[in-house]
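[1] Sequence first, then the predicted structure:
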Amino acid sequence: MVAGFDFAGGNDPGASDRHRQFNGLIQAWLQHPILGAGHGAVANVPRPPDVIAGIRSGNTVPWSYELWYLGLLFQTGLVGFALYTSGVVWIFWTGARIVHAGHPLGLELLPVLIGSLAFLIANATNPYLAKYDYLWIIFLPVAYINLWLLESPQRAASRLPLRWSLSFRPTSSSV
């Protein structure tokens, strides 16, 4: 993991690409630090020529960066980055509470959380989460948390503002 950020080179030929992306994304982010440049915005980051046309993200998806978290910071700014981060922190905090409480779901949720954390660490230098089909890594722990919340309506209702879960009662005409 740390080798992915060794900009001096070492044995990783992509180090110079990441170095250019790092500097370019930081400079682009400094132009819009609070709200960011917007999803789909492209920073002026020099990209190496494609070995095979269309394989590298430079031609087909220019808004995708190998340093995904810096790309997210550039595109969403401090506010968006903080919102995204708080969602992920909530997932891990709630998951840890389920595991710590000794709930039977905790036996399955613990390896899911560890795998999700490993995936999020790997995502720092590889844009896995930029692909739609990799988003399951975020939503799998959320599915376990939702199952835990649905198990006890009183527990779920106490965590929702204004007790939204108790305000709707299905009637025979709405079913």
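    Received it, and whenever you're ready, just let me know what you need.
[2] going forward, measure contacts and count neighbours with C-alpha atoms only.
    Fine.
[3] tell me the centre residue of the chain?
    residue 129 (6.1 Å; Cα atoms, centre = their mean).
[4] Name all residues that make contact with it.
    Residue 129 makes contacts with 123, 135, as judged by Cα atoms under 8 Å, 6 or more residues apart in numbering.
[5] what's the answer for residue 119, then?
    residue 137.
[6] What's the first helix or strand after the helix or strand harbouring it?
    Using DSSP states H and E, residue 119 maps to helix 104-122. Using DSSP H and E, the next helix or strand after helix 104-122 towards the C-terminus is helix 136-151.
[7] Residue 102: what secondary structure?
    Using DSSP: H, G, I helix; E, B strand; the rest coil, the structure places residue 102 in coil.
[8] gap between it and residue 145?
    14 Å (Cα to Cα, to the nearest Å).
[9] Those two: which is more packed in?
    residue 145 (20 against 10; other Cα atoms under 10 Å).
[10] So for the more buried one, what's the nearest residue that isn't a sequence neighbour?
    residue 95 (6.7 Å; Cα to Cα, 6 or more residues apart in numbering).
[11] Just list the residues touching that neighbour, thanks.
    106, 109, 110, 113, 141, 145.
[12] How about residue 20?
    So residue 20 contacts 45, 46 (Cα under 8 Å, 6+ apart).
[13] And the pLDDT for it?
    Note on residue 20: pLDDT of 85.
[14] Does it lie in a helix or a strand, and which?
    Per DSSP H and E: helix 15-29 holds residue 20.
[15] hey, C-alpha coordinates of stretch 107-122 in PDB?
    C-alpha atoms of stretch 107-122 as PDB (Å, rounded to 0.1, in the frame of the first residue of the first chain):
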ATOM      1  CA  LEU A 107     -20.300 -13.000  13.300                       C
ATOM      2  CA  GLU A 108     -21.000 -12.400   9.600                       C
ATOM      3  CA  LEU A 109     -20.500  -8.600   9.700                       C
ATOM      4  CA  LEU A 110     -17.000  -8.600  11.100                       C
ATOM      5  CA  PRO A 111     -15.300 -10.200   8.100                       C
ATOM      6  CA  VAL A 112     -17.500  -8.000   5.800                       C
ATOM      7  CA  LEU A 113     -16.200  -4.900   7.600                       C
ATOM      8  CA  ILE A 114     -12.600  -6.100   7.500                       C
ATOM      9  CA  GLY A 115     -12.900  -6.900   3.800                       C
ATOM     10  CA  SER A 116     -14.500  -3.500   3.100                       C
ATOM     11  CA  LEU A 117     -11.700  -1.700   5.000                       C
ATOM     12  CA  ALA A 118      -9.100  -3.600   2.900                       C
ATOM     13  CA  PHE A 119     -11.000  -2.600  -0.200                       C
ATOM     14  CA  LEU A 120     -11.200   1.000   0.800                       C
ATOM     15  CA  ILE A 121      -7.400   1.100   1.500                       C
ATOM     16  CA  ALA A 122      -6.700  -0.500  -1.900                       C
END
